[in-house]
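Enquirer: quick check, what structure comes out for this input:
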Amino acid sequence: MAEPGEQLPEEVLVLIFRHLPLPDRAAAARVCRAWAAAATCSAVWHDTSISCDCELEGMLPPYLSACLDHVQNLWLEFEPSRKSSRRAATDLLAALAGRTPGLRGLCLECRGEKPLFDAGRDVLDAVHALCGAARALRHLDLRRLPFSLDDALVLQVAHGCPELRSLFLDNRTLVGSVGPGSVLELLEACPCLRALGLHLASLSRTALEALAAPERAPFELLALRCACPEDARAPPLPDEAWAALSRRHPGLEVELELEPVLPAESVTRVLQPAVPVAVLRLSLSGDTVGPVRFAARHYAATLRALEVRAAASAELDAALEELAARCAGLREVHCFCVVRPSVLHAFRARCPRLRSYTLKLTREPHPWRPTLVA
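Expert: Next comes the predicted model:
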């Protein structure tokens, strides 16, 4: 009798197994020799997602260990408040640091709340060790880690990952601990970097000038989060530095996120006419109407997505209508308050490239789902 795996070609089995969660991959590998060969081949593991909350529990460690060398891009989710989940994540990162010099991409995501006064030292130490070993790492995304990132980690990335293409450090921590000096050293050590996410306080005029240098590789994305006291106190970056950066990289897009910690005077320092803002997220405790009007008048040529979290008002509706009239290239608009019908009509009529919007005319239960434009 033919083995079950012989009923399908290996390439078909690979296409199936690459979409299975880890426990099911392990079970498939125990069915027969053909399935075991398909379930452990590099194509199945090239892009791998692992949840430490359920997938690593009860899974055979030898099976996962044998496949680590095939992993090139890893998305790893864990729950910091659960010791078993956290330990599984740090153990896996340690194993990768010791065995997978070919890792190309790593995205870490925390689910749930972190314990109070938890600095995440064990997790950050594991990331630090991995960055020292993964010389081929090109993409590192730490936006969903709730721990304060520091200069030591950035410098380890700078000197351990010279092929880096993207680095995102703009997480939701309440303390900004990455200084402008370490960011500048990162830019000097990683000449191929094309996308960077930072807290505003980590960026400096010198860094903008380094990005605008003639020998610099094309730079595509700068994501800036303003969410901690250090960001509120950051000095303004001069318009001429932004203008020079835009001339050097005409395709540059800036994502700007302003959080409630920013006082009104800081908002006016952050919003500058020369910044090529493509994505603007406003979640301010103070005036939102002014920033929306500013975006309409200064970012009309570059703005592609707008997100607003504010209280409903006639003034905000009028500002949104002005933005719709000026920003014809807008592709997404999400307003998490009730708006009047004329706002919805303005965006539908004036923004021909609109693909998704959240514009509710009446109160609805949360979460509010966006409407897709056919």
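Enquirer: output the below-cut-off pLDDT ranges for the chain.
Expert: 1-6, 54-63, 99-101 (pLDDT under 70).
Enquirer: all helices of the stretch 51-200 of the chain, in order?
Expert: Assigned helices in the stretch 51-200 of the chain, in chain order: 61-67, 83-99, 121-133, 151-160, 180-189 (criterion: DSSP state H, counting those that start in this stretch).
Enquirer: would you turn the ones you listed into CSV with mean neighbour count and distance to residue 196?
Expert: C-beta coordinates here come from the backbone N, C-alpha and C atoms, glycine included. Below are the helices of the stretch 51-200 of the chain laid out as CSV (neighbours: other C-beta atoms under 10 Å; distance: least, C-beta to C-beta, whole Å):
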stretch, mean neighbour count, distance to residue 196
helix 61-67, 14, 31
helix 83-99, 18, 22
helix 121-133, 19, 16
helix 151-160, 19, 11
helix 180-189, 19, 8
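Enquirer: could you dump these into JSON lines with distance to residue 8 added?
Expert: Listed next are the helices of the stretch 51-200 of the chain as JSON lines, based on distance: least, C-beta to C-beta, whole Å:
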{"stretch": "helix 61-67", "distance to residue 8": "20"}
{"stretch": "helix 83-99", "distance to residue 8": "30"}
{"stretch": "helix 121-133", "distance to residue 8": "36"}
{"stretch": "helix 151-160", "distance to residue 8": "42"}
{"stretch": "helix 180-189", "distance to residue 8": "47"}
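Enquirer: so which of the ones you listed is nearest residue 195?
Expert: Judged by C-beta to C-beta, the one of those that comes nearest to residue 195 is helix 180-189, at 12.4 Å.
Enquirer: which elements pack onto that closest one?
Expert: Applying 3 or more C-beta pairs under 8 Å, 6 or more residues apart in numbering; DSSP states H and E, one finds that helix 180-189 makes contact with helix 151-160, helix 205-211.
Enquirer: can you redo those helices as a markdown table with distance to residue 182?
Expert: Shown next, in a markdown table, are the helices and strands packed on helix 180-189 (distance: least, C-beta to C-beta, whole Å):
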| stretch | distance to residue 182 |
| --- | --- |
| helix 151-160 | 4 |
| helix 205-211 | 10 |
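Enquirer: so for residue 14, which of those sits nearest?
Expert: Here helix 151-160 is closest among the helices and strands packed on helix 180-189 (C-beta to C-beta), at 31.9 Å.
Enquirer: quick one: contacts of that closest one?
Expert: Among residues not part of helix 151-160, those counted as contacts by C-beta atoms under 8 Å, 6 or more residues apart in numbering are 124, 127-128, 131-135, 137, 140, 164, 167, 169, 177-179, 181-183, 185-186, 188-190.
Enquirer: if we use 6 Å, what do you get?
Expert: By C-beta atoms under 6 Å, 6 or more residues apart in numbering, the residues outside helix 151-160 that reach it are 128, 131, 132, 178, 179, 182, 185, 186, 189.
Enquirer: partners of residue 258 in the sheet?
Expert: Beta bridges link residue 258 to residue 226, residue 282 when assigned by DSSP bridges.
Enquirer: for the most centrally placed residue in the chain, list the residues it contacts.
Expert: For the chain, residue 143 is the residue whose C-alpha lies nearest the centre (C-alpha atoms, centre = their mean; 5.2 Å). Applying C-beta under 6 Å, 6+ apart to residue 143 gives the contacts 168, 170, 171.
Enquirer: ok, residue 93 next?
Expert: 126, 130.
Enquirer: run the last query once more with 10 Å
Expert: Applying C-beta atoms under 10 Å, 6 or more residues apart in numbering to residue 93 gives the contacts 74, 76, 78, 106, 108, 122-123, 125-130.
Enquirer: kindly report the same for residue 112.
Expert: Applying C-beta under 10 Å, 6+ apart, the residues contacting residue 112 are 53, 78, 79, 80, 81, 82, 85, 146.
Enquirer: kindly report the same for residue 355.
Expert: Residue 355 neighbours (C-beta under 10 Å, 6+ apart): 304, 305, 330, 331, 332, 370, 371, 372, 373, 374.
Enquirer: right, and the third one touches residue 277 too?
Expert: No - when contacts are counted by C-beta atoms under 10 Å, residue 330 is not listed as touching residue 277 (12.0 Å).
Enquirer: any shared contact partners between those two?
Expert: With C-beta under 10 Å, 6+ apart as the test, residue 330 and residue 277 both reach 303, 304, 305, 306.
Enquirer: can you tell me which of those residues are in helices?
Expert: Residues of the shared contacts of residue 330 and residue 277 located in helices (DSSP state H): none.
Enquirer: most neighbours among those residues, which one?
Expert: residue 306 (26 neighbours; other C-beta atoms under 10 Å).
Enquirer: what's across from that residue in the sheet?
Expert: With DSSP bridges as the rule, residue 306 is bridged to residue 280, residue 333.
Enquirer: before we move on, what about residue 195?
Expert: residue 166, residue 221.
Enquirer: ok, it to residue 249 distance?
Expert: Going from residue 195 to residue 249 by C-beta to C-beta, to the nearest Å gives 12 Å.
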